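Chemist: structure, please.
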Amino acid sequence: MKRYTQSKESYQKLLKAPYQLIGVMTFIVVLITTISIYRLYNIGFEQQKKRLTEAVQSQAVMINSIVEHAIHDHINSKIDIEEEVLEGLMNAHKQFVGFGETGEYTLAKLNEGKIHFLLRHRHTEVDTMEDVSVEHSQLAEPMRRALNGEIGAFIGTDYRGATVLAAYTPIKRLGWGIVAKIDISEIRAPYIEETLYGIVGAVFIILFGSMVIVRFIHPLIQEIDNAREYNRMLFNESPIGLAFTDFEGHMVDVNSALLKLTGYTEDEFLNLSYWDITPQKYEHQEEEQLHKLLLEKCYGPYEKEYIHKDGHLINVRLSGCLIEQGGRIYISSSIEDITEYVHNIRALKEAALVFENTHEGILITDENVKVVRINSPFTKITGYTFDEVVGLNPNFLQSGAHDEAFYKNIWDIIQKNGSWYGELNDRRKNGEYFATMQSITAIKDENNKISGYVSVFSDISERKTYEFKLLHLASHDALTSLPNRTHFHDNLRNAIQNAKRNKYKIAVLFLDLNDFKKVNDTLGHEVGDALLKEVSSRLKESLRGADTVARLGGDEFAIVLHEIKSVDNAVEVAQKIIQKVSEPFKVGETILIPSISIGISIYPEHSDDGDKLLKFADKAMYVAKQRKNGTCELFDLNKNYE
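Modeler: Predicted coordinates for the structure are as follows:
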């Protein structure tokens, strides 16, 4: 309950979360707005820088073209080419004041260690311009670089002392320099304006977002509170004991399952320490688990005992982990009642002691699956002695009856569950195959690592043979070894399904020996049994391997002819059977001439139900039997057999 109280305090903190969220949102909006404007400014700045560079380069190319033209026209003249070029530029410059509000071109040359400007500037007349010292002034830095033969663009101070973005390049044929520049304040002005708009927009977003948060956050908080209560319900109603303790062992919270297990009330339990319900003999084990908890943040699962309120010991399995809440670390534990499990394990151990003296074969390997020990029944069953198998992998017993995937599945189960149990077909030393019922168990050491494997098996070859005989007897006639009625109905059902699937006909034949009762009454049952065996043999000889013949009981037989081409085909087979069965048969000194009557029904013409097909064939057989000369009769749906 202490922890539950702390969770309520956490819930109160959660109520303050919307306002903290508004603060975080404000910070994010301002940050994003600032970064966006800064990025836009940098992009615009770089574009302006590129335009200035392209402009100054184009002006330089134009001036160089004028110079080349003047030189060509006055190659033998005394006219001052420089003055002629400058005059042309000044006339052109009068038509172009500048670009933007502060942008302009400047042209200058070096004159006695000073920068002498050649054109009228936008901000002053050229006649009033003072030359700028190259060495003793920080003004006109872009022009200074151009006159030094440099090409580029940067932020610097112009002839006025104003901070400008300038692009510069030399005009080498005349020793001049040209600069295109614009005031930084003009570049920044639109971004400052956009910043103000951004701030206004951010304020609006923050206000709107705050209203949205306040409007929708409270229902969410209510949902969280409901979820908290739901989780509390799951904690209390869990069928497994749950508890929270601090590192001093004081109980902080407990559910009803653990209270029921230990017999305490909630108030009593929360006033206990962990050691009040733990026997002292587990002190060392508890220290190990606590060490594991500190290293791995979880412990267990492991088994121990708790002390019940009335003093008796309870077998439990524990596991748990560290959890943090409210800045404090707690131990969350799951406690499962394993009293019944422990009793079962004890019973298994007692059974194991008895099992040591049994006659089952036992094989033990090391962790590398190499044989290290066998018992004498192992040698008796397999024929292998210890000296012959020590150090070998037990696969020398494999018979080849199981594929690699079968054995891989066995080992996968052992690695996952620790053991496997089932049937294996193995081979003795002399090559004889034998069936075993076998268990393979992984042996683990105190560190829970596999140290070996033990296989315990019994030879169930005789049992398997007996089971096969029982199965055969359950589905076959004891006298003739033909399938019995139950087996016949299963085969007939499968035959109809296959015929439906593959769209072919089948025939059902019902056969009855004529005058069989007379043979039994006059010659005895031994002669009658011999006759049944001989007739069974002749029936099988008359059929294909895929067809089925069964003894239904007494002197009645049934046959399923698979995949017949036509009704005539079934009649032909019936006549062949009648002829084969009617051959003379000698029993002792007595010669018998058997006679048989056959009724025939056809799937799907007569029915798609096996019982009905057999019934129809039976009715047709009685018609044939009335003729008393060993004939067959095809069932007719339009005929009255009553």
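Chemist: could you check how far the residue nearest to the spatial centre of the chain is from residue 422?
Modeler: For the chain, residue 416 is the residue whose C-alpha lies nearest the centre (CA atoms, centre = their mean; 18.0 Å). Counting by CB to CB, to the nearest Å, the gap from residue 416 to residue 422 is 15 Å. Heads up, the C-betas are built off the backbone N, CA and C, glycines and all.
Chemist: ok, residue 495 next?
Modeler: In terms of CB to CB, residue 495 sits 33 Å off from residue 422.
Chemist: more crowded one of the two?
Modeler: Neighbour comparison, residue 495 and residue 422: the larger count goes to residue 495, with 23 against 12 (by other CB atoms under 10 Å).
Chemist: where's that one, which helix or strand?
Modeler: helix 485-502 (DSSP states H and E).
Chemist: residue 106: what's it in contact with?
Modeler: 117, 119, 121, 140, 143, 158, 159, 178, 179, 181 (CB atoms under 8 Å, 6 or more residues apart in numbering).
Chemist: adding distance to residue 426, secondary structure and pLDDT, write those out as JSON lines.
Modeler: Putting the contacts of residue 106 into JSON lines (distance: CB to CB, whole Å; DSSP: H, G, I helix; E, B strand; the rest coil; pLDDT from 0 to 100) gives the following:
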{"residue": "117", "distance to residue 426": "110", "secondary structure": "strand", "pLDDT": "82"}
{"residue": "119", "distance to residue 426": "110", "secondary structure": "coil", "pLDDT": "76"}
{"residue": "121", "distance to residue 426": "109", "secondary structure": "coil", "pLDDT": "74"}
{"residue": "140", "distance to residue 426": "104", "secondary structure": "coil", "pLDDT": "79"}
{"residue": "143", "distance to residue 426": "102", "secondary structure": "helix", "pLDDT": "82"}
{"residue": "158", "distance to residue 426": "102", "secondary structure": "coil", "pLDDT": "80"}
{"residue": "159", "distance to residue 426": "106", "secondary structure": "coil", "pLDDT": "77"}
{"residue": "178", "distance to residue 426": "101", "secondary structure": "strand", "pLDDT": "87"}
{"residue": "179", "distance to residue 426": "100", "secondary structure": "strand", "pLDDT": "88"}
{"residue": "181", "distance to residue 426": "99", "secondary structure": "strand", "pLDDT": "84"}
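Chemist: closest one to residue 621 out of these, please.
Modeler: Set against residue 621, the nearest of the contacts of residue 106 by CB to CB is residue 181 (122.1 Å).
Chemist: what's near enough to touch the nearest residue to that closest one once chain neighbours are set aside?
Modeler: In space, and not counting its chain neighbours, residue 181 is closest to residue 166: 3.8 Å by CB to CB, 6 or more residues apart in numbering. By CB under 8 Å, 6+ apart, the contact list for residue 166 reads 52, 142, 153, 154, 155, 156, 158, 179, 180, 181, 182.
Chemist: what sits closest to the first one if chain neighbours are left out?
Modeler: Using CB to CB, 6+ apart and skipping the chain neighbours, the partner closest in space to residue 52 is residue 167 (3.8 Å).
Chemist: that older thread, separation between the residue nearest to residue 181 and residue 216?
Modeler: For residue 166, the distance to residue 216 - CB to CB - is 54 Å.
Chemist: ok, now residue 175?
Modeler: For residue 175 relative to residue 216 (CB to CB), the value is 73 Å.
Chemist: how about residue 416?
Modeler: Distance from residue 416 to residue 216, by CB to CB: 48 Å.
Chemist: residue 509 contacts residue 575, correct?
Modeler: No: in this structure residue 509 lies outside contact range of residue 575 using CB atoms under 8 Å: 11.2 Å.
Chemist: between those two, which is the more surrounded one?
Modeler: residue 509 (26 against 14).
Chemist: that one belongs to a helix?
Modeler: No: assessed with DSSP: H, G, I helix; E, B strand; the rest coil, residue 509 is strand; it does not lie in a helix.
Chemist: just give the number of residues close to the nearest residue to it once chain neighbours are set aside.
Modeler: Nearest residue to residue 509, sequence neighbours excluded (CB to CB, 6+ apart): residue 559, at 4.0 Å. By the criterion of other CB under 10 Å, residue 559 has 25 neighbours.
Chemist: before we move on, which element is residue 559 in?
Modeler: Going by DSSP H and E, residue 559 is in strand 556-564.
Chemist: for residue 220, give me the pLDDT.
Modeler: On the pLDDT scale, residue 220 is placed at 69.
Chemist: also residue 214?
Modeler: 67.
Chemist: returning to that earlier point: quick one, what contacts the residue nearest to residue 52?
Modeler: 49, 52, 53, 55, 56, 57, 142, 152, 153, 179, 180, 181.
Chemist: which among the residues you listed count as buried?
Modeler: Burial by neighbour count, 16 or more other CB atoms under 10 Å: within the contacts of residue 167 this picks out 49, 52, 53, 55, 56, 142, 153, 179, 180, 181.
Chemist: kindly reformat the residues you listed as JSON lines containing distance to residue 596.
Modeler: Formatted as JSON lines, these follow (distance: CB to CB, whole Å):
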{"residue": "49", "distance to residue 596": "115"}
{"residue": "52", "distance to residue 596": "119"}
{"residue": "53", "distance to residue 596": "116"}
{"residue": "55", "distance to residue 596": "120"}
{"residue": "56", "distance to residue 596": "122"}
{"residue": "142", "distance to residue 596": "127"}
{"residue": "153", "distance to residue 596": "118"}
{"residue": "179", "distance to residue 596": "127"}
{"residue": "180", "distance to residue 596": "123"}
{"residue": "181", "distance to residue 596": "125"}
